[in-house]
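Undergrad: What shape does this take:
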Amino acid sequence: MKPNAFYTLSGFIFVMVGVLHLLRFLFQWPVTFGTWPVPLWVSPVAAIFAWWLGFHAFKLRRGK
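TA: Alright, predicted model coming up:
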């Protein structure tokens, strides 16, 4: 896989993960990881982090 295609695909996946975290926060969907119920406050933090990673993947695609 060429680097630009990899950066585009990974950037898209990270942005979509961020959107899913935002939807989880807005609709208050419960998530359980094993036996641990994941608190709702984790989703906005994870969304921002995923969007940050996506931004940097798209930035690498442009070569900057």
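
Undergrad: which residue ranges form the helices in the chain?
TA: For the chain, helices defined by DSSP state H occupy the ranges 3-27, 42-62.

Undergrad: residue contacts, N4?
TA: Shown here is N4, whose contacts under the criterion CB atoms under 8 Å, 6 or more residues apart in numbering are R61. (Glycine included, C-beta is placed from N, CA and C.)

Undergrad: Give me the residue ranges of the chain where confidence is low.
TA: 64 (pLDDT under 70).

Undergrad: returning to that earlier point: for T35, find the nearest of the helices of the chain.
TA: Set against T35 and scored by CB to CB, those come closest in helix 42-62, at 15.9 Å.

Undergrad: got the buried residues for that closest one?
TA: Neighbour counts using 16 or more other CB atoms under 10 Å place S43, A46, A47, A50, W51, L53, G54, A57, F58, L60, R61 of helix 42-62 among the buried residues.

Undergrad: Next, the contact list for the residue of the chain positioned farthest from its centre, please.
TA: Centroid-distance maximum for the chain: T35 at 23.1 Å, with CA atoms, centre = their mean. By CB under 8 Å, 6+ apart, the contact list for T35 is empty.

Undergrad: Could you pull up phi and psi at it?
TA: With angles defined as degrees, to the nearest 10, T35 shows backbone torsions of phi -110, psi 0.
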